[in-house]
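1. A structural model of the following input is requested.
(one chain, ligands or ions: 1)
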Amino acid sequence: MRIDKPPRRTSADRVLEEVFAKHLVITSAGALWSPNSHVAQELRQAIHLHRRVLVSKIEDADIRVCPSHDLHRREWRWEQGRGWHCGVCERLKEVC
Ligand SMILES: [Zn+2]
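-> Below you'll find the model as predicted:
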């Protein structure tokens, strides 16, 4: 009997999970924007380390880097082969 291992989570995946769970805002340059909230230094460093991954997720309009869960959630869509993405972030990307 063969048992497939679940896909291995990378440290970039863990950063994306943290960014999503804490509703952190990442700029299009991959920098953390958190003027009024405390973010642990370890997480700040991890965000900086994985900024290129974060920027690519912003370009893909991935919901894990959506800056406004409350306002955009109605336009979160699942697409096979692409995963969850935000329709509002996708439109904003076109005008910015
Ligand atoms: Zn969004």
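2. so the longest helix seen in the chain, near the ion or not?
-> Criterion DSSP state H: the longest helix present in the chain is helix 11-21. No. Using C-beta under 5 Å from the ion, helix 11-21 stays clear of the ion, coming no nearer than 11.3 Å. Using the backbone N, CA and C atoms, a C-beta is placed for each residue, glycine as well.
3. and that helix, what other elements does it pack with?
-> Counting by 3 or more C-beta pairs under 8 Å, 6 or more residues apart in numbering; DSSP states H and E, the packing neighbours recorded for helix 11-21 are helix 41-49, helix 51-59.
4. hey, which of these is tucked in deepest?
-> Burial among these, expressed as mean neighbours by mean count of other C-beta atoms under 10 Å, is greatest for helix 51-59, which shows a mean of 18.
5. and the helix or strand just after that one, what does it pack onto?
-> Note on helix 51-59: by DSSP states H and E, the next helix or strand toward the C-terminus is helix 69-72. Counting contacts by 3+ C-beta pairs under 8 Å, 6+ apart, helix 69-72 packs against helix 87-95.
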